[in-house]
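Peer 1: Sequence and predicted structure are below.
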Amino acid sequence: MSDLAISVESLSKAYRIGLKEQEHETLLGAVTGWFKSPFQNFRDVRNLSRFEGVTGKGNGQAAEASAKGAAPRTSLSQPSDVFWALNDVSFKVKHGEAVGIIGRNGAGKSTLLKILSRITEPTNGRAVVYGRVGSLLEVGTGFHPDLTGRENVYLNGTILGMRKHEIDEKFDEIIDFSGVEQFIDTPVKRYSSGMRVRLAFSVAAHLEPEILIVDEVLAVGDMEFQSKCLGKMEDVSGSGRTVLFVSHNLGAVNQLCSRCVVLEHGGIAFDGDVGSGIDVYQRSGYGQRTSSAYVAPAEGRPGSAQGRILAADLQDDQGRPADCIGIGEPFQIKLRLQFFSRLARMNMGVQFHSSGGVPILNLRTDSQGLVFGPYEAGNEVEVIIKVPGLPFYPGLYQLEPWFGELDGKRIDQVPEGISLVLEGRGLYQSERLIQQGRGLVMMDCTWAETVKQASA
Amino acid sequence: MEISEQLKETPDDVVPAAGLASGPVAPAATTDWTLIIRPKTGWFDLHLADLWRFRDLVMLFVRRDLVAQYKQTILGPLWFIIQPLLTTLTFTIIFGNIAKLSTDGLPKMLFYLSGVTAWNYFADCLTRTSETFVANSNIFGKVYFPRLAVPVSIVISSLIRFGIQLGLFLGFYVYFLVRGTPIHATNVLLLLPALVLLMAALGLGTGIIVSSLTTRYRDLRFLVQFGVQLVMYTTPVIYPVSKVPEQYRWIMFSNPMTPVIETFRYAFLGTGSFSWAYLGISAAATAIILAVGVLLFNHVEKTFMDTV
């Protein structure tokens, strides 16, 4: 069977999504609706997983379906409640490869993993897996709160596909890795959530399949435990096993994987080396939102009676639309504001959040002693904020522009108004990717070392 | 995109490589685990070998069932005994003493307890397996193992409970025997293992049919809850077959549990009737129900995550 580990061949998966239900305007209509609804409900429920005659988005499956004599009636009119979570995805993975799968929410990553780990079956196409698969889509699947840690280790381990004697052999190792040996005979419901996660991951980490499928599970536990997990994952891929790794943590993907598949809208947008993959992902996904994001009317945003933020753009220092900014590189943020009533003195700013939601920086006019205004009703104002460079670690940051009265209330703010991708490559003339340690901020500094004692 | 490649690989003409030999998992032996994932595998692709491979999991589920249910209770497993005891007591008072239903001349306690013990095992298997998909959807959505492991483990853990309740029944049995009550075991007692097997298979079969259907049609959950109680009245749990008018007996015997309970009672107590024919029909019905259940269950488990 050559050196292939996974072969995915034009895999597609369709789901039915809910359509808006017809509303009844009269009591009579509602009553007849109730009596008719069992039939409608029956049809809806029965059709949940039936896709005969439903075709992919014009990728040749229509031809295939009619060639096989399948019902041709719907090949032209695709029902509007069918959603293709995966559409004609093909790729091959060799034994020993560590492949990262990245993509935005809803790109089809989890669906792909679910099909490969046999939780659900595809609608079209097929996948062949050569080897024993261990999949880790969640940490602590099947933990029972009333059972002790020890009992749960066995339960969870066997659920993940281990044999009892395998767990017997590794039990001490698992407990050691988790660091909860003191509480191993305590019911898991008395554990802190951190302890539970550590124990669960330890079990999973000692799973030894030939092909390991991992969904975003490293985003648990504290920093120390996370790096421990990442180290364990590196061991796994280093020992010649095949790893399929889905993550939003681009640093982890870069560290672990030798290849990267970017999914977008259920299809493959890129398949190749990790560096370019991350590049494609960052440009494709967030490009639309960073360059010239025209901010939608203020639904659920405060104070639109007095004014609102019309647009928020990210630009390089030359004023060109930009998607990614390098660490320490100057860039600018352009905001367009509109006033519906007079504002005498304005205070405004941009709040920076890390991708984990931690507020890092708030650039604001009042702390720099600046007062803008007055503005009259109907004014449209453009503000350009020149930033000399961000000393943050590479990654994704969310920018929240806001403005309001000076010493008064906020008029408008746009949470996640701009997504900024901070790039670390090319800095310091080093080929190495900048590693994020424990922290959010990095700084350039001068290092000097002197050897005090020459070795003999 | 690549039409040529798709036409070359039509999904339906591929035979699954089912070499599921378990053994040392060396990288060289990888082909043993080769797995083809494709849409709509046949109804008869049961992969029961998988279930054997996960036997440790079945046993751990059994353990979890037994241990977890009575964690943080004071009486613990004593509840296994209290439940049938109180049911029997209620039946004795209401049906025996107030309604004065016949018990074929047997001590009321023994008559009802024998019925309740046998019926409970079947009802336990049925109601608890019928929840399989809905109750475990969070686990099933995250990891693959043969889904049949769950209902099978339920049947086994219920068997242990049945064993304890049978012990209770035997306690009363010996007590009445010592007091000289005219009861006697018959040769049919040798069929006891077969009776237990029938009850388990019937409960499992019906339960997994219901659980397969509830993944889509939740209505059945409501039906099962009171349906099991209603159906009990068509079996000789609280009244003997002999008191039912001849022309209505077919209703009772159309329930495959009726011959089982009747035989169970005849085996221990020597009253009632025993008929190979009725028991044979019951066994055949059970086999069909179980087969349909397993087929349906296997069919549903592949797609149920999309419909549950």
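Peer 2: Great, that's in hand.
Peer 1: Show the backbone phi and psi for the residue of the stretch 201-350 of chain A found nearest chain B.
Peer 2: The minimum distance from the stretch 201-350 of chain A to chain B, using Cβ to the nearest Cβ, falls at residue A:210 (6.1 Å). Where you see a C-beta, it was placed from the backbone N, CA and C, and this is true even at glycine. Torsion angles at residue A:210 (phi, psi; degrees, to the nearest 10) stand at phi -80, psi -30.
Peer 1: That one reaches residue A:5, doesn't it?
Peer 2: Yes - counting by Cβ atoms under 8 Å, residue A:210 does reach residue A:5; the two are 7.3 Å apart.
Peer 1: the more surrounded of these two?
Peer 2: Neighbour tally, residue A:210 and residue A:5, criterion other Cβ atoms under 10 Å in any protein chain shown: the higher count belongs to residue A:5, 25 against 22.
Peer 1: what is in contact with residue A:210 and residue A:5 at once?
Peer 2: Common neighbours of residue A:210 and residue A:5, counting by Cβ atoms under 8 Å, 6 or more residues apart in numbering or on different chains, are A:95, A:131, A:242.
Peer 1: out of those, who's nearest residue A:325?
Peer 2: Nearest to residue A:325 among the shared contacts of residue A:210 and residue A:5: residue A:242, at 35.5 Å, using Cβ to Cβ.
Peer 1: measure that closest one to residue B:75 for me?
Peer 2: Noted for residue A:242: a distance of 51 Å to residue B:75, by Cβ to Cβ, to the nearest Å.
Peer 1: what about the two, which has more around it?
Peer 2: Per other Cβ under 10 Å, whichever of residue A:242 and residue B:75 has more neighbours is residue A:242, with 25 against 10.
Peer 1: next one: phi and psi at the more buried one?
Peer 2: According to degrees, to the nearest 10, residue A:242 has phi -90, psi 130.
Peer 1: got it, and residue A:346?
Peer 2: Torsion angles, degrees, to the nearest 10, at residue A:346: phi -110, psi 150.
Peer 1: about what we covered before: kindly tell me how buried the closest residue to the residue of the stretch 201-350 of chain A closest to chain B other than its chain neighbours is, as a neighbour count.
Peer 2: Among residues not flanking residue A:210 along the chain, residue A:131 sits closest, at 3.7 Å (Cβ to Cβ, 6 or more residues apart in numbering or on different chains). Counted by other Cβ under 10 Å, the residues lying close to residue A:131 total 24.
Peer 1: Residue A:131 contacts residue A:212, doesn't it?
Peer 2: No - when contacts are counted by Cβ under 8 Å, residue A:131 is not listed as touching residue A:212 (10.1 Å).
Peer 1: Surely the residue nearest to residue A:210 is in a helix?
Peer 2: No - assigned with DSSP: H, G, I helix; E, B strand; the rest coil, residue A:131 falls outside any helix and is coil.
Peer 1: ok, which stretches of chain A are helices?
Peer 2: A:27-46, A:61-67, A:109-116, A:149-159, A:164-178, A:193-205, A:223-238, A:250-256, A:274-290 (DSSP state H).
Peer 1: Residue A:126: which of these is closest?
Peer 2: Closest approach to residue A:126 among the helices of chain A (Cβ to Cβ): helix A:109-116, 9.7 Å.
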